[in-house]
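Colleague: Quick one, what's the 3D model for this:
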Amino acid sequence: MEVRHRLKITHRARQFRISRVAFELAAFALTPLLFPGSASAQQPRYTGPGSCSSASCHGAVQPRSDNSVLQNEYTTWAVQDKHSRAFSALTGDPGKRMAHNLNINAATSSRCIGCHTLDVPDDQKARTFDINDGVSCENCHGAASNWLGPHTANDGSYAKSVALGLYDTRDLIRRNEKCLSCHLGDDAKSVDHEMIAAGHPDLYFEIESFSAVMPPHWKEAGASDASAVAKGLAVGQAVQLREWMRRIGRDAAQIWPQYADLDCFACHHSLTAAKDSWRQERGYAGRKAGSPPFNASRFAVLDLIAKQLDGAAARRLDVEVAKVNQLVSDPQADRRQISAAAGQAAATADTLARDLAAMNPDSAVSAGLINAICADSERIAAQGERSAEQAGMVINSLFIGYEQGKRPMNDAKIRTAIGDLYKQFENPSSYNPEAFARSLRDLGALAGGL
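Modeller: Modelled structure (predicted):
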């Protein structure tokens with residue numbers, strides 16, 4: 001009842017704009033049907049999420065099980081998905097504080113609206129476009145005007161829509177590229193050290209975990225849950241490393257050091273007496289004390305995935321990422337060498353991502369990866385908070401997928417142990433690698449029989 005009530009409120013708030021969409025939607029839908037071939041000749045335009053809101057399209061309250069799509073995608077986005085409130089976040093108190101610190105207008109600055117809404121040229125906006133819609137359908141699926149009508153036709157197909165400009169989110173590599181363009185950044189968008197200092201959260205990402213809390217508004221075709229999750233997160237980890245290496249290469253060629261590329265908590269952690277500092281006890285292997293280390297979290301789990309599924313790629317990446325780590329952690333390193341080393345690692349990660357996308361791992365792979373992560377507890381824990389966070393998110397995603405097809409007898413205990421992992425990095429200032437490693441080992445003992 002609460003969801004239905006919230007849905008009614010949402011629909012009332014958007015009622016005027018949705019009714020305004022109706023006329024133009026009819027025009028967009030009829031043009032390619034009345035004038036075949038005309039859609040591809042037109043510059044694509046962004047029509048806004050109202051174009052998808054009809055109950056007979058994607059605005060139903062309840063999902064359908066007798067169709068290839070759920071048909072409540074718009075409803076899920078409007079009521080449950082934080083992306084729909086991304087633009088309004090810019091005008092809330094945290095957004096206002098950040099804007100003040102950066103001396104910008106968050107509602108108009110390209111540094112903000114590039115990710116918090118659709119920032120497109122005016123000549124690509126239909127009259128139904130509204131910046132207040134935040135991160136909506138066309139952020140991920142592309143400008144809809146050319147494929148909006150044809151994809152509802154009797155002879156419509158996904159392939160035809162893609163040919164007309166629909167962004168292919170079924171392609172796991174392209175899906176990750178789209179997500180990471182904001183959740184990590186690209187050559188046009190980024191969250192740098194200045195923005196983090198002004199109040200923007202540090203960026204981290206794991207596609208299966210983030211997709212689960214959107215929540216999902218799609219069906220994964222042609223795979224069991226365990227297979228889809230294992231494949232999805234494996235590809236996601238590889239694409240994330242590729243994009244991370246590309247970002248380091250770009251930054252090294254422009255502004256270096258870019259502290260947002262380094263391990264934030266190496267500097268921003270609670271200071272304690274020397275005898276109580278696990279960082280000082282661990283030492284600073286491969287770098288001088290006081291030199292900010294490379295943020296290794298985006299390779300911490302991928303290293304194990306590659307070793308499980310593609311040994312040759314794993315060996316290459318070990319060498320190449322270690323080289324980037326060594327250069328980035330050296331304040332005197334040549335920036336051109338950093339860019340070159342990061343580019344090489346990015347190329348290897350790209351090859352690995354494509355190889356992983358062609359694989360079809362089963363539930364045994366999921367169990368094997370969970371146990372491999374737990375067995376490597378010391379290394380992962382010692383890399384710090386963000387690596388621990390990646391391990392926790394990946395294990396949680398793998399186990400959720402695994403138990404959909406095969407529920408272990410001790411699943412409640414395993415779930416509790418995974419919850420204990422999350423508690424270890426909820427407060428980064430109190431993170432303790434020994435405690436996290438111990439929690440991973442305890443989980444490994446429970447998961448050994450998967």
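Colleague: Could you pull out the helices in the stretch 201-350 of the chain for me?
Modeller: Applying DSSP state H, counting those that start in this stretch to the stretch 201-350 of the chain gives helices spanning 207-212, 225-254, 264-267, 278-282, 297-300, 302-309, 311-328, 335-357.
Colleague: what angle do the next helix or strand after the last one and helix 302-309 make?
Modeller: For helix 335-357, the succeeding helix or strand toward the C-terminus, using DSSP states H and E, is helix 363-375. Interaxial angle, helix 363-375 versus helix 302-309 (axes from the mean of the first three to the mean of the last three CA atoms, to 10 degrees): 140 degrees.
Colleague: if I look at residue 284, how far off is residue 387?
Modeller: Residue 284 sits 16 Å away from residue 387, going by CB to CB, to the nearest Å. Every C-beta, even on glycine, is put in place using the N, C-alpha and C of the backbone.
Colleague: more neighbours, those two?
Modeller: residue 387 (24 against 14; other CB atoms under 10 Å).
Colleague: Surely that one is in contact with residue 380?
Modeller: Yes: at 5.3 Å, residue 387 counts as touching residue 380 under the criterion of CB atoms under 8 Å.
Colleague: what residues are shared contacts of these two?
Modeller: By CB atoms under 8 Å, 6 or more residues apart in numbering, residue 387 and residue 380 have these common neighbours: 300, 301.
Colleague: any weak-confidence spans in the chain?
Modeller: Counting by pLDDT under 70, the chain shows low-confidence ranges at 1-41, 222-224.
Colleague: Could you chop it up by domain?
Modeller: The record's domain parsing of the chain by automatic domain parsing lists 2-98+111-168, 193-447.
Colleague: Tell me where the stretch 51-200 of the chain has strands.
Modeller: For the stretch 51-200 of the chain, strands defined by DSSP state E, counting those that start in this stretch do not occur.
Colleague: which one of the domains of the chain has the most crowded surroundings?
Modeller: Sort the domains of the chain by mean neighbour count, taking mean count of other CB atoms under 10 Å, and domain 193-447 sits at the top with a mean of 19.
Colleague: Any idea how far apart the tips of it sit?
Modeller: Length of domain 193-447, first residue to last, CA to CA, to the nearest Å: 39 Å.
Colleague: from the middle of its chain, how far away would it be?
Modeller: Taking the mean of its C-alpha atoms, domain 193-447 sits 13 Å from the chain's own mean (CA atoms, centre = their mean, to the nearest Å).
Colleague: ditto for stretch 121-133
Modeller: Mean-position distance between stretch 121-133 and its chain equals 25 Å (CA atoms, centre = their mean).
Colleague: Equivalent analysis for stretch 152-162, please.
Modeller: How far stretch 152-162 lies from its chain's middle: 27 Å, per CA atoms, centre = their mean.
Colleague: What's the end-to-end length of that stretch?
Modeller: 13 Å.
Colleague: TSV for the helices of the stretch 201-350 of the chain, including distance to residue 147?
Modeller: Formatted as TSV, the helices of the stretch 201-350 of the chain follow (distance: least, CB to CB, whole Å):
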stretch	distance to residue 147
helix 207-212	23
helix 225-254	25
helix 264-267	41
helix 278-282	53
helix 297-300	34
helix 302-309	34
helix 311-328	36
helix 335-357	24
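Colleague: Nearest to residue 435, out of those?
Modeller: For the helices of the stretch 201-350 of the chain, the distance to residue 435 is smallest for helix 278-282, at 9.7 Å, taking CB to CB.
Colleague: Show me what that closest one is packed up against.
Modeller: When contacts are defined as 3 or more CB pairs under 8 Å, 6 or more residues apart in numbering; DSSP states H and E, helix 278-282 packs onto helix 433-447.
Colleague: Can you list the neighbours in contact with the helix it packs on?
Modeller: With CB under 8 Å, 6+ apart as the criterion, helix 433-447 contacts 278, 282, 367, 370-371, 373-375, 377-378, 380-382, 384, 388, 391, 395, 399, 410, 413-414, 417-418, 420-421, 424-425.
Colleague: what residues are up against residue 139?
Modeller: Residue 139 touches 83, 118, counting by CB under 8 Å, 6+ apart.
Colleague: and the gap between it and residue 432?
Modeller: Distance from residue 139 to residue 432, by CB to CB: 39 Å.
Colleague: Same check on residue 84?
Modeller: Note on residue 84: its distance to residue 432, by CB to CB, is 38 Å.
Colleague: wait, residue 380 sits on residue 373?
Modeller: Yes: the pair residue 380 and residue 373 qualifies as a contact (CB under 8 Å) at a distance of 6.9 Å.
Colleague: Are there residues contacting both of the two? Which ones?
Modeller: The contact sets of residue 380 and residue 373 overlap at 301, 391, 440 (CB under 8 Å, 6+ apart).
Colleague: so can I have CSV of the residues you listed showing distance to residue 179?
Modeller: Shown next, in CSV, are the shared contacts of residue 380 and residue 373 (distance: CB to CB, whole Å):
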residue, distance to residue 179
301, 17
391, 20
440, 27
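Colleague: And these, which is closest to residue 232?
Modeller: Nearest to residue 232 among those: residue 301, at 13.5 Å, using CB to CB.
Colleague: residues contacting that closest one?
Modeller: The contact partners of residue 301, taken as CB under 8 Å, 6+ apart, are 237, 373, 380, 387, 390, 391, 394.
Colleague: Now do the same contact list for the first one.
Modeller: The one in question is residue 237. 206, 298, 301, 302, 305, 394.
Colleague: now the fifth one: how far from residue 220?
Modeller: Using CB to CB, residue 305 is found at 19 Å from residue 220.
Colleague: can you check the third one too?
Modeller: When CB to CB is applied, the distance between residue 301 and residue 220 equals 21 Å.
Colleague: Check residue 310 too.
Modeller: From residue 310 to residue 220 the distance is 22 Å (CB to CB).
Colleague: Residue 170 too?
Modeller: Distance from residue 170 to residue 220, counting by CB to CB: 9 Å.
Colleague: ditto for residue 420
Modeller: Note on residue 420: its distance to residue 220, by CB to CB, is 29 Å.
Colleague: these two touch, right, residue 354 and residue 171?
Modeller: No: Residue 354 is beyond contact range of residue 171, at 10.6 Å (criterion: CB under 8 Å).
Colleague: what about stretch 184-199, how long is it end to end?
Modeller: Taking CA to CA, stretch 184-199 runs 16 Å from one end to the other.
Colleague: Show me the contact partners of that stretch.
Modeller: In contact with stretch 184-199 (CB under 8 Å, 6+ apart) are residues 94, 97-98, 101-102, 111, 114-115, 180-182, 200, 202-203, 205, 240, 243-244, 247, 250, 258-260, 264.
Colleague: How far does that stretch sit from its chain's centre?
Modeller: Distance, centroid of stretch 184-199 to centroid of chain: 15 Å (CA atoms, centre = their mean).
Colleague: cool, and stretch 106-121?
Modeller: The answer for stretch 106-121 is 19 Å, by CA atoms, centre = their mean.
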